[in-house]
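Asks: Pasting the sequence and the predicted model now:
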Amino acid sequence: MLTHSRTLVVQWGDCDPAGIVYFPRYFEWFDDSTAALFEAAGLPKAALLARFQILGIPVVDVRSRFRKPSTFGDRVVIESGIPSWGTASFEVHHRLLRGGELAVEASERRVWAVRTPEGTIRSRPLPPEVLALFSGSPPKTV
């Protein structure tokens, strides 16, 4: 399984009045981490959309567990990977570590989506080429 990790520093604007990271920021970070994971596989988002003529890979389900708060100035590491693939969907798992300890974990179910000629959004089966890029590739870190 291809995994990707990236390090972030919590900024002042990421925090709520209590001084801890405002929870929607985590989901923004996880979305960015999914994009970084695809880029590590050789599919930067703009190229992914153009190459496969898809609308995107929208989230259809998300679950999270907040174990420890993060605060301004903390250096956190987000580890992301795709543990399971379906026909037209896949699960992305994220682990956010603060000081080497698990602070937040989340999973997203995403679909490979296209716009139909009628203007609706539909899933489409994942291309074998995409699945191949994620199997057996070495981990990358930025």
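Replies: Nice, I can see it.
Asks: Three-state assignment for the residue nearest the centre of the chain, please.
Replies: What sits nearest the mean C-alpha location of the chain, by Cα atoms, centre = their mean, is residue 34, with 2.4 Å. Using DSSP: H, G, I helix; E, B strand; the rest coil, the structure places residue 34 in helix.
Asks: Need the pLDDT of it.
Replies: For residue 34, the model assigns a pLDDT of 97.
Asks: repeat for residue 142
Replies: Here, the pLDDT recorded for residue 142 equals 42.
Asks: tell me the contacts of the residue nearest to the centre of the chain?
Replies: 57, 80, 92, 94, 108, 110 (Cβ atoms under 8 Å, 6 or more residues apart in numbering). In this view, the C-beta of every residue, glycine as well, is placed from N, C-alpha and C.
Asks: Now do the contacts for the last one.
Replies: The neighbourhood of residue 110, defined by Cβ under 8 Å, 6+ apart, consists of 34, 57, 58, 59, 60, 89, 90, 91, 92.
Asks: I'd assumed residue 72 was in contact with residue 15.
Replies: Yes - contact criterion Cβ atoms under 8 Å: residue 15 and residue 72 qualify, at 5.3 Å.
Asks: helix, strand or coil for the residue of the chain positioned farthest from its centre?
Replies: For the chain, the residue at maximal distance from the C-alpha centroid (Cα atoms, centre = their mean) is residue 118, at 29.2 Å. Following three-state DSSP, residue 118 is assigned to coil.
Asks: all helices for this protein, in order.
Replies: Secondary structure of the chain (DSSP state H): helices at 23-40, 45-52, 128-134.
Asks: which parts of the shortest one are buried?
Replies: Using 16 or more other Cβ atoms under 10 Å as the test for burial, helix 128-134 gives 130, 133, 134.
Asks: How about the longest one?
Replies: For helix 23-40, the buried set under the neighbour-count rule, 16+ other Cβ under 10 Å, comprises 25-26, 29-31, 33-40.
Asks: now those residues in CSV, with distance to residue 101?
Replies: Shown next, in CSV, are these (distance: Cβ to Cβ, whole Å):
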residue, distance to residue 101
25, 19
26, 16
29, 17
30, 18
31, 23
33, 18
34, 23
35, 25
36, 22
37, 22
38, 27
39, 27
40, 24
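Asks: Next, give me the two most distant ones among these.
Replies: Comparing all pairs in the buried residues of helix 23-40 by Cβ to Cβ, the longest separation belongs to 25 and 40, at 22.1 Å.
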